[in-house]
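In: Need a 3D model of the following:
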Amino acid sequence: MIQDIYPSKLYNEFSNREMTGDDVCLFYDADGRLLIKEENGTVTFTRGSDAGGQQCIYLFSVDDTRFFLALDESDLQKEGHAYRSVRELRDICSGKEVFAAFTAYHLWRWYADNRYCGRCGKKLIHSEKERALICPECGNTIYPRINPAVIVGVTKGDCLLITRYNRGYAHNALVAGFTEIGETLEETVAREVMEETGIKVCNIRYYKSQPWGMAQDILVGYFCDAADDGEIRMDQNELKYAEWVKREDIVLQPNALSLTNEMMRMFREGREA
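Out: Have a look, this model is predicted:
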């Protein structure tokens, strides 16, 4: 999956650090596209030496490589480089570089969406003690947003419930959805499966989790069983496809980055929880 970068390691502890010209400095435009050089599936990032006088902030490190973010929306141009969306990066790249790009995008989105205090409207400042934004007027403190969501592998004997979305990602997927206020993750599983496919489920069991910076998510994977005959009543506003598919007929996604793809593969191989 995208976070599986061993033997490399992400160090996401907060720190006030000064950027050098050799550090990675990431530039996102107003649409959230990242300025990179891509060649044969390999990503090269811009450096601190490209920043000029822009305000930059330390994000995290991968091994000994330090990543900083240029806080202003970028129109920087650099020979051989182009602005690419995280969805495009998902399709063309792999390894620790795409994980770094996804994680940095998560933080870029948070900084971009939180320039002013939602309580009193004053401009926010950066905390010097933790990853937070603080209102100097009323003291309101804002921390990075993380959205909990579930990925659900619904099983019926030797079949897995495979879906495809109406919009966005075009390949095979599983039932998925965000946790609502006052709801447990297990309750989210049951509700989302019922809402999207009309199927009641039982024997809900945790599989694995995954950070997914593209949508500022923490994804939590569950397997569960159809509690009745498994008749599908598909929500056509959400899905364009929902079918029971035998193990041997499951078609995986084009790359191995997502928790969804791993869960489909585990079921296909008979190794689900």
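
In: How many residues are close by Tyr143?
Out: Neighbours of Tyr143 under the rule other CB atoms under 10 Å: 12. The way it works is simple: take the backbone N, C-alpha and C, and place the C-beta from them, glycine included.

In: what residues are up against it?
Out: Tyr143 is in contact with Arg131, Ala132, counting by CB atoms under 8 Å, 6 or more residues apart in numbering.

In: Just read off the phi/psi values of it.
Out: Torsion angles at Tyr143 (phi, psi; degrees, to the nearest 10) stand at phi -110, psi 160.

In: how close does it sit to Ala132?
Out: Computed as CB to CB, to the nearest Å, the Tyr143 to Ala132 distance reads 5 Å.

In: can you check Ala242 too?
Out: Counting by CB to CB - Ala242 and Ala132 are separated by 41 Å.

In: Counting neighbours, go ahead and name the busier of the two.
Out: Ala242 (22 against 16).

In: partners of the host helix or strand of that one in the sheet?
Out: Per DSSP states H and E: Ala242 is located in strand 239-246. Its sheet considered, strand 239-246 pairs with strand 159-165 (antiparallel) by DSSP bridges.

In: pLDDT of the partner strand, averaged?
Out: Average pLDDT, strand 159-165: 96.

In: which SS class is Pro211?
Out: strand (DSSP: H, G, I helix; E, B strand; the rest coil).

In: can you check Glu248 too?
Out: Assignment for Glu248 (three-state DSSP): helix.

In: quick one: contacts for the closest residue in space to it that isn't next to it in sequence?
Out: If the residues on either side of it in the chain are set aside, Glu248 comes closest to Arg268, at 7.2 Å by CB to CB, 6 or more residues apart in numbering. Arg268 makes contact with Leu160, Arg247, Glu248, Ile250, Leu252, according to CB under 8 Å, 6+ apart.

In: Roughly how far does the last one sit from Lys156?
Out: Relative to Lys156, Leu252 is positioned 19 Å away (criterion: CB to CB).

In: Please apply the same query to the second one.
Out: Distance check for Arg247 against Lys156: by CB to CB, it reads 12 Å.

In: how about Thr44, secondary structure?
Out: Per three-state DSSP, the local secondary structure of Thr44 is strand.

In: Contacts only, for it.
Out: Contacts of Thr44 by CB under 8 Å, 6+ apart are Ile36, Lys37, Glu38.

In: picking that back up, now the helix or strand following the strand holding Ala242 and strand 159-165, what's the angle there?
Out: Remark: after strand 239-246, the chain's next helix or strand is helix 259-268, criterion DSSP H and E. Orientation of helix 259-268 against strand 159-165 (axes from the mean of the first three to the mean of the last three CA atoms, to 10 degrees) gives an angle of 160 degrees.

In: what about helix 259-268, average pLDDT?
Out: In the prediction, helix 259-268 has an average pLDDT of 97.

In: buried sites along that helix?
Out: For helix 259-268, the neighbour count (16 or more other CB atoms under 10 Å) marks Leu259, Thr260, Asn261, Glu262, Met263, Met264, Met266, Phe267, Arg268 as buried.

In: Give me the nearest residue to the fifth one, chain neighbours excluded.
Out: Counting by CB to CB, 6+ apart, Gly153 is the residue found nearest to Met263 once chain neighbours are left out, at 4.7 Å.
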